[in-house]
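Colleague: Output the structure for:
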Amino acid sequence: MSHFKLIECNCHNFKAHRDLCVKFGDLTKITGDNEEGKSSVLEIPTWTLYGTDTFGGKMDPTPTNYKYDHVLAETLLEVDGKLLKFGRGIEKGKATYYINDVPSKASDFEEIVKSLIDKDLFLALFNPLYFFSLHWERQRELMLRYSTPPSQKEVFAEMSRTSPDQKPKDIKLNPQAEKLAELVKKHTLPQLEEIHKKNKNDKDTAHKKAQGRTETLEEQLRQLPEVPDDIEAIKVEDAELVKQVKAIHAKIELADEPKRKQAVLEGTLDNVRQQIAAAKARYMKVHGEEIAEECSTCKRPFDEAAKAAAEASKEERKKPLREEHDKLVARRKELEAELAAVELIDVSELWEQMRALEQRRDATADTIGWYNRRQSLQADLEKARADEAATLESRNESIFILDAIKAYEAKAAELQAAKVQGLFQTLTIRLFKQQKNGEIKPDFVIDRDGKTPAQFSLSESIRAGLEVRDVISEQSGWIAPCLIDNKESVTRYNAPRGQLITCQVIEGKPLQIESEELSNV
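Modeller: So this is what the prediction gives:
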């Protein structure tokens with residue numbers, strides 16, 4: 001335990017006190033009538049250390065009923081056997097600070113005071129009514145600051161306990177605790193809660209989409225024609241029909257060959273006839289040439305030899321033309337004979353057979369197509385159902401984990417509340433409250449006999465404050481001075497741990513401070 005003792009306080013021009021020296025003992029009694037400065041004495045150490053009154057509020061210690069030169073408050077402390085003296089003053093409107101009578105910077109002064117003891121902790125130990133002046137969140141934080149929460153292992157075990165007298169070694173983790181125990185190896189509980197809240201929300205949306213997809217595929221499947229059970233026989237029949245159609249088509253292709261040959265021969269024959277006509281025209285042109293009787297230049301008549309030579313030349317030029325014509329005529333006759341020999345085949349019956357087969361094949365192909373469409377939709381439907389089931393499974397897994405976290409938080413809250421409650425004798429403490437949705441939320445309520453601090457009388461507030469104060473002292477490991485203001489309002493209470501300072505109104509009596517040491521302290 002750390003010990004914090006007030007040894008002495010001095011002040012100059014501090015509120016109503018021009019000069020005052022207070023020596024503290026194990027028990028210090030401050031008495032006097034109203035407006036004798038009793039409360040100001042209690043504010044000397046808090047203003048020196050923190051610049052506040054005993055409730056942590058800012059205060060101005062400057063006198064209002066007399067002139068002054070400067071303000072100074074000094075407090076001599078003993079912290080774990082070490083003496084420390086702090087001073088705070090106001091000179092010419094500026095704050096001054098002293099550590100062991102040496103002027104100090106404000107930052108250094110505040111840092112050293114903070115390193116000794118936390119402000120909220122000191123004020124809660126010094127003034128039992130300070131705790132009740134705090135917001136419930138600060139009350140809760142201060143109460144739990146020095147309280148060790150239950151371990152995860154302890155909470156998991158208590159979540160799984162089946163009977164109050166069950167021994168820890170006999171406890172087998174239930175599914176929720178077992179699941180969380182595995183998951184917290186990788187993530188903290190807040191992280192798990194965030195992960196699975198998001199996953200649940202995502203899967204809620206995804207599951208609705210998956211349901212819609214499944215329903216759409218089911219409707220599409222219902223709208224398809226029914227398919228006979230003997231689909232394999234229909235596939236065999238379809239394959240046979242395809243084979244027969246191909247065979248007839250091949251026959252029609254063969255039957256069309258003479259027609260194509262006829263067309264080619266007719267085209268070739270027309271071309272040869274045109275060539276024959278052209279060859280004849282060339283021949284007749286040479287054949288119709290006349291032999292000249294005289295030279296066209298000198299106009300001298302040709303002799304018989306010249307005429308004979310010209311006639312021989314003409315015949316010589318006619319000869320190849322005649323031969324060309326004769327060859328083309330022979331080619332024409334060949335083509336005419338070949339064309340005459342072509343025999344055309346009637347394929348109208350084959351076309352009728354093929355159309356009949358194709359009609360039958362259309363029916364089998366449609367049936368197979370509907371079957372394949374059904375198979376494809378059925379595969380899509382099975383995948384959609386699997387996706388829907390997987391989405392639902394993931395969603396339900398997150399819901400299970402979130403419920404497990406709620407159960408964990410509820411049990412942890414129960415254990416921590418029981419642990420804190422066990423520190424009190426007359427007060428009931430509530431650290432958590434359960435929402436309508438089952439979530440556990442932080443809370444802090446003090447109750448005694450059905451009354452909250454706002455309903456306490458002054459004596460009840462003092463006794464309750466002393467109980468809270470001693471719990472905080474025990475949990476924090478600090479023994480510090482404690483004041484009881486308005487002692488005349490409370491006649492019985494448990495003596496607090498540490499120095500006790502009482503402040504009591506006695507009508508008509510001037511300020512009096514008495515200190516004494518108690519041998520049993």
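Colleague: elements contacting whichever strand in the chain runs longest?
Modeller: Secondary structure of the chain per DSSP state E: the longest strand is strand 2-14. Counting contacts by 3 or more C-beta pairs under 8 Å, 6 or more residues apart in numbering; DSSP states H and E, strand 2-14 packs against strand 17-23, helix 38-50, strand 70-79, strand 478-479. C-beta: built from backbone N, CA, C; applies to glycine.
Colleague: Okay, now the sheet partners of it, with direction.
Modeller: In the sheet, strand 2-14 lines up against strand 17-23 (antiparallel), strand 70-79 (antiparallel), strand 478-479 (parallel) (DSSP bridges).
Colleague: buried ones in that strand?
Modeller: Residues 4, 5, 6, 7, 8, 9, 10, 11, 12, 13, 14 are the ones in strand 2-14 that count as buried (16 or more other C-beta atoms under 10 Å).
Colleague: The last one against residue 75, yeah?
Modeller: No: if you go by C-beta atoms under 8 Å, residue 14 and residue 75 don't touch, sitting 11.5 Å apart.
Colleague: related to what we said a few turns ago, with distance to residue 405 as extra columns, can I get the helices and strands packed on strand 2-14 in JSON lines?
Modeller: Converted to JSON lines, the helices and strands packed on strand 2-14 look like this (distance: least, C-beta to C-beta, whole Å):
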{"stretch": "strand 17-23", "distance to residue 405": "54"}
{"stretch": "helix 38-50", "distance to residue 405": "40"}
{"stretch": "strand 70-79", "distance to residue 405": "43"}
{"stretch": "strand 478-479", "distance to residue 405": "35"}
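Colleague: Which parts of the stretch 201-350 of the chain are helices?
Modeller: Along the stretch 201-350 of the chain, counting by DSSP state H, counting those that start in this stretch, helices occupy 231-287, 304-341, 348-421.
Colleague: Of those, which is nearest residue 142?
Modeller: helix 348-421 (11.8 Å; C-beta to C-beta).
Colleague: ok and the helix or strand that the closest one is followed by relative to helix 348-421, angle-wise?
Modeller: Once helix 348-421 ends, the next helix or strand along the chain (criterion: DSSP states H and E) is strand 428-434. For strand 428-434 against helix 348-421, the angle by axes from the mean of the first three to the mean of the last three C-alpha atoms, to 10 degrees is 170 degrees.
Colleague: and the spatially most central residue of the chain, what helix or strand is that in?
Modeller: By C-alpha atoms, centre = their mean, the chain has its centre lying nearest to residue 198, at 5.2 Å. Counting by DSSP H and E, the element that carries residue 198 is helix 189-223.
Colleague: and that helix, what other elements does it pack with?
Modeller: Partner elements for helix 189-223 (3+ C-beta pairs under 8 Å, 6+ apart): helix 175-183, helix 348-421.
Colleague: rewinding a little: show me what contacts the residue nearest to the centre of the chain?
Modeller: Contacts for residue 198 were tallied using C-beta atoms under 8 Å, 6 or more residues apart in numbering; there are none.
Colleague: I'd like the distance between it and residue 179.
Modeller: 18 Å (C-beta to C-beta, to the nearest Å).
Colleague: same check, this time on residue 232
Modeller: Taking C-beta to C-beta, one finds residue 232 at 49 Å from residue 179.
Colleague: now do residue 22
Modeller: Taken as C-beta to C-beta, the span from residue 22 to residue 179 is 62 Å.
Colleague: just residue 140 next, same as before
Modeller: 30 Å.
Colleague: Next: residue 130.
Modeller: From residue 130 to residue 179 the distance is 44 Å (C-beta to C-beta).
Colleague: Between the two, point out the one with more neighbours.
Modeller: residue 130 (23 against 17; other C-beta atoms under 10 Å).
Colleague: quick one on the thing from earlier: adding mean pLDDT, distance to residue 247 and mean neighbour count as columns, could you present the strands paired with strand 2-14 in TSV?
Modeller: Shown next, in TSV, are the strands paired with strand 2-14 (pLDDT from 0 to 100; distance: least, C-beta to C-beta, whole Å; neighbours: other C-beta atoms under 10 Å):
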stretch	mean pLDDT	distance to residue 247	mean neighbour count
strand 17-23	95	126	15
strand 70-79	96	113	20
strand 478-479	94	107	21
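Colleague: mind checking which of these is nearest residue 62?
Modeller: Once those are compared by C-beta to C-beta, strand 70-79 is nearest, at 5.6 Å.
Colleague: what's the angle from the closest one to helix 38-50?
Modeller: 80 degrees.
Colleague: Alpha carbons of strand 70-79, as PDB, please.
Modeller: Coordinates of each C-alpha in strand 70-79 appear next as PDB, following Å, rounded to 0.1, in the frame of the first residue of the first chain:
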ATOM      1  CA  HIS A  70      -0.200  38.200  -2.800                       C
ATOM      2  CA  VAL A  71      -1.800  34.800  -2.200                       C
ATOM      3  CA  LEU A  72       0.100  31.700  -1.200                       C
ATOM      4  CA  ALA A  73      -0.800  28.200  -0.200                       C
ATOM      5  CA  GLU A  74       1.700  25.600   0.900                       C
ATOM      6  CA  THR A  75       1.200  21.900   1.600                       C
ATOM      7  CA  LEU A  76       3.800  19.600   3.200                       C
ATOM      8  CA  LEU A  77       3.200  16.000   2.300                       C
ATOM      9  CA  GLU A  78       4.700  12.700   3.200                       C
ATOM     10  CA  VAL A  79       4.400  10.200   0.400                       C
END
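Colleague: Now the element after that strand, going C-ward?
Modeller: Next along from strand 70-79, by DSSP H and E: strand 82-91.
Colleague: helices and strands around that following strand, which ones?
Modeller: helix 38-50, strand 70-79, strand 94-99, helix 106-116.
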